[in-house]
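Participant: Have a look; sequence and predicted model below, questions after that.
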Amino acid sequence: MLSSRTKYDLANYFSRIPKSTRNQVTHIAMDMWQTYRDVTQVYFPKAKICVDSFHVISMISRAFQSVRVRVMNSFERGSDEYYLIKKFSWLLNKNFHNTCKMRYLRVHKNTSLLKYRHHIPAVELLNSDLSLDPELEIAYLLKYEYEQINSKCTDKTIEIRLEKYIEDLAIFNLREFETVKKALKNWKQEIINSFDAVDDRHISNGPVESVNSRIKLMKFSSTGYGNFERFRK
């Protein structure tokens, strides 16, 4: 764990590792931080740079969340539409296949949009939410499409699917997904690289992210550390 992620500190750390050792590294997983890519290209010239799928999915989920909030705020507070989008935002953010496994959900508000029913199948409630606005439905389908790409594609099929996905982003042209489109274009090859299979799994820094989340929890619980060396120990 380094004190910062500046180029200077990263270069200083990696330069202490023998070049013969660095040349044996085949893949490096990272988020979409340009500094990491620059340093990797210098100190690990034989390694494939891979963008971790967690960060791509998180970026797309944030874009979808922005669309959801925009659409929700387009309705009057207190309206049935506003209630359904706000109350069941967790359902919209949920993976579609997990939604299909759910049964009935309880709706506390009387609403004609659901024919005044208080118990409704999860998938039907999801479809009712999506039918409230075409852009919300498009954004959800874009989120779902990349979830499928991430779970189904291999190193042989990812390039064509990813290019098609970028084309879909351009066609639907949702402003909240503009950043996603630019990032996927800029990091396309690195995302493709992450679909290389190692031990029958895609390249991922998921275990490292798990450690990071625990470190962040410790930092939050302690309200911060003034001494970095003590914090690292």
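Facilitator: Good, I have the coordinates. Residues are numbered from 1 along each chain as shown.
Participant: ok, and for stretch 43-55, which residues are buried?
Facilitator: Neighbour counts using 16 or more other Cβ atoms under 10 Å place 43-44, 47-53, 55 of stretch 43-55 among the buried residues. Just so you know, the C-beta spots here come from the backbone N, C-alpha and C atoms, and that holds for glycine as well.
Participant: That should have said stretch 131-146, apologies.
Facilitator: 132-133, 135-140, 142-143, 145-146.
Participant: Now do the helix or strand Gln148 falls within: everything it contacts.
Facilitator: Assigned by DSSP states H and E, Gln148 falls within helix 134-152. Under the contact criterion Cβ atoms under 8 Å, 6 or more residues apart in numbering, helix 134-152 has outside partners 53, 56-57, 60-61, 63-64, 67-68, 71, 85, 92, 95-96, 129-131, 158, 161-162, 165, 168-169, 172, 174, 176-177.
Participant: Filter those residues down to the buried ones and hand me the PyMOL line.
Facilitator: With 16+ other Cβ under 10 Å as the criterion, this PyMOL line picks the buried residues out of the contacts of helix 134-152:
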select buried, resi 53+56+57+60+63+64+67+68+71+85+92+129+130+158+161+162+165+168+169+174+176+177
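Participant: and the end-to-end length of stretch 25-34?
Facilitator: 20 Å (Cα to Cα, to the nearest Å).
Participant: cool, stretch 19-31 as well?
Facilitator: 24 Å.
Participant: longest helix anywhere in the chain?
Facilitator: Under DSSP state H, the helix in the chain containing the largest number of residues is helix 53-73.
Participant: How far off centre is the helix holding Gln148?
Facilitator: 12 Å (Cα atoms, centre = their mean, to the nearest Å).
Participant: okay, the angle between that helix and helix 53-73?
Facilitator: 170 degrees (axes from the mean of the first three to the mean of the last three Cα atoms, to 10 degrees).
Participant: And the next helix or strand after helix 134-152, what does it pack against?
Facilitator: Of the helices and strands lying after helix 134-152 in sequence (DSSP H and E), the nearest is helix 158-172. Applying 3 or more Cβ pairs under 8 Å, 6 or more residues apart in numbering; DSSP states H and E, one finds that helix 158-172 makes contact with helix 134-152, helix 178-186, helix 188-193.
Participant: If anything else comes up later, I'll come back, but that's it for now.
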